[in-house]
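S.K.: Could you work out the structure for the sequence below:
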Amino acid sequence: MKFSKFGQKFIQPTGISQLMDDLGDALKSDKPVNMLGGGNPARIEAVNELFLETYQALGSDGSFNNSEETNSTATSSMANYSNPQGDAAFIDALVGFFNRHYDWNLTSENIALTNGSQNAFFYLFNLFGGAFVDESSQDKDNKSIDKSILLPLAPEYIGYSDVHVEGQHFMAVLPHIDEVTHNGEAGFFKYRVDFEALEKLPALKEGRIGAICCSRPTNPTGNVLTDEEMAHLAEIAKRYDVPLIIDNAYGMPFPNIIYSDVTLNWDDNTILCFSLSKIGLPGVRTGIIVAAPEVIEAVSAMNAVVNLSPTRFGASIATPLMKNDAIKDLSDNEIKPFYQQQAKTAVALLKKELGDYPLSIHKPEGAIFLWLWFKDLPITTLELYERLKEKGTLIVPSQYFFPGVDVDNYKHAHECIRMSIAADEDTLEKGIAVIGEVVRGIYDMAK
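M.R.: A predicted model of the protein is given here:
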């Protein structure tokens with residue numbers, strides 16, 4: 001059977017497809033697997049209890065009809081489409097929530113829902129990256145210009161790489177790597193934006209950048225860009241008349257898996273992307289975009305074609321939790337402390353296993369991962385991934401996290417792994433023990 005160019009692009013092996021396949025295989029395997037590779041959030045008892053109570057309360061009235069008056073009930077959320085912008089009750093709850101906590105003066109015209117944040121980035125990166133009409137061209141036969149999404153700090157999220165409908169349109173800036181301490185301990189590093197290199201990019205001055213995008217905290221590293229770095233990026237975006245897209249899947253105010261003292265800002269040139277996944281609802285596939293009305297109109301139009309409308313199930317569960325701030329309380333008092341303790345436990349286990357070997361850990365500042373750098377590892381971490389997989393332990397190798405970078409000529413891109421800390425303590429201990437055993441053996445054999 002023959003597929004179009006569009007089809008051929010999406011059936012090629014990708015980092016994100018490998019990650020999701022491994023996650024699915026691990027869940028159905030009859031052998032124990034130390035699942036340290038996926039992005040699935042942890043099962044936190046207090047979180048699960050609240051969602052279950054909310055779901056049960058939504059369905060308790062027994063209503064099941066087509067009236068929009070019942071669009072907050074669980075039954076109606078499954079029995080009715082929303083409009084392409086998304087569930088109106090949830091959007092109104094989000095407007096109230098953000099204005100209450102941030103005073104952004106949002107209206108319903110500033111928010112659209114998507115079927116998960118991966119869906120949101122498919123839309124946004126195709127809106128702002130790829131072929132544009134070149135209005136400055138004097139050549140009537142050549143009126144297009146290709147624009148890229150600028151990633152100011154690589155590595156970045158594995159799921160970005162392959163979302164463009166045609167080709168890949170990314171440009172990335174390699175980071176400054178600083179040795180730092182964490183809680184008074186050595187053996188840590190931190191990525192920082194190389195603004196000097198960023199400002200010198202010819203593509204900015206030539207109008208070949210369609211948007212600037214960063215995640216905060218960063219997936220995969222847990223790095224948190226400082227307020228100063230964010231302000232600088234916002235200024236550059238405005239100077240060159242491109243939007244600043246911020247992937248806030250792990251950030252403030254929900255799930256708030258962020259340990260630095262930072263602020264969250266929004267204006268008409270900023271596009272904020274949120275998700276219900278990391279608060280513990282990955283299966284309901286609910287993404288949230290906060291942006292200027294013209295962006296919301298474009299996303300809504302794309303929703304109509306691709307999905308008809310976004311799913312309403314997650315919106316129905318989250319609406320009352322936004323209205324009474326329970327989602328913020330849950331994030332601040334249950335989710336963030338849980339992952340902070342998980343990071344502390346994982347760091348201690350890694351230090352125990354590999355304290356005498358060339359391991360450096362990115363300073364844990366947020367998200368649900370640790371980013372491990374094995375300096376001068378004799379093999380690539382793609383090979384390390386395969387060896388660990390054979391021993392029932394899954395991680396994600398680093399080479400997939402560098403969209404826009406020529407990884408063949410960047411050694412660092414083959415020396416790191418992303419390790420999830422969302423697993424229970426027993427899985428963490430067993431998985432890190434396997435990582436320690438295999439990595440020690442690799443270094444020892446090379447002596």
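
S.K.: use CA for all of it now, contacts and neighbours both
M.R.: Noted.

S.K.: Pretty sure Leu349 sits against Lys430.
M.R.: No. Look at Leu349 against Lys430 with CA atoms under 8 Å: they stay out of range, at 9.9 Å.

S.K.: Would you mind splitting this protein into its domains for me?
M.R.: 5-46+330-445, 80-327 (automatic domain parsing).

S.K.: Tell me which of those lies nearest to Tyr55.
M.R.: For the domains of the chain, the distance to Tyr55 is smallest for domain 80-327, at 6.0 Å, taking CA to CA.

S.K.: What's the end-to-end length of the closest one?
M.R.: In domain 80-327, first residue to last residue: 25 Å (CA to CA, to the nearest Å).

S.K.: swap in stretch 413-430?
M.R.: Taking CA to CA, stretch 413-430 runs 26 Å from one end to the other.

S.K.: Figure out how far that stretch is from the centre of its chain.
M.R.: Relative to its chain's centre, stretch 413-430 lies at 17 Å (CA atoms, centre = their mean, to the nearest Å).

S.K.: What are the buried residues along that stretch?
M.R.: For stretch 413-430, burial by neighbour count (16 or more other CA atoms under 10 Å) applies to 413-423, 427-430.

S.K.: before we move on, the earlier item: got TSV for the domains of the chain, with distance to Leu58 too?
M.R.: Putting the domains of the chain into TSV (distance: least, CA to CA, whole Å) gives the following:
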stretch	distance to Leu58
domain 5-46+330-445	19
domain 80-327	8
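
S.K.: Quick one: closest of those to Ala57.
M.R.: It is, among the domains of the chain and with distance given as CA to CA, domain 80-327, at 9.5 Å.

S.K.: State the mean pLDDT of that closest one.
M.R.: Average pLDDT, domain 80-327: 94.

S.K.: just how off-centre is it within its chain?
M.R.: Centroid separation for domain 80-327 versus its chain: 9 Å, with CA atoms, centre = their mean.

S.K.: so which of the buried residues of stretch 413-430 comes closest to Asp194?
M.R.: Asp194 lies nearest to Ala413 out of these, by CA to CA, at 16.8 Å.

S.K.: Make sure the closest one is actually in contact with Asp406.
M.R.: No. In this structure, Ala413 is not within contact of Asp406 by CA under 8 Å, at 9.2 Å.

S.K.: can you give me the helices in the stretch 51-200 of the chain?
M.R.: 74-79, 88-102, 117-128, 195-199 (DSSP state H, counting those that start in this stretch).

S.K.: Output the shortest one as CSV, nothing but the C-alphas.
M.R.: So the one you mean is helix 195-199. Output of helix 195-199 as CSV, limited to C-alpha atoms (Å, rounded to 0.1, in the frame of the first residue of the first chain):
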residue,chain,number,x,y,z
PHE,A,195,22.1,34.9,24.7
GLU,A,196,25.2,36.1,22.9
ALA,A,197,24.9,33.3,20.3
LEU,A,198,21.1,33.7,20.1
GLU,A,199,21.3,37.4,19.4
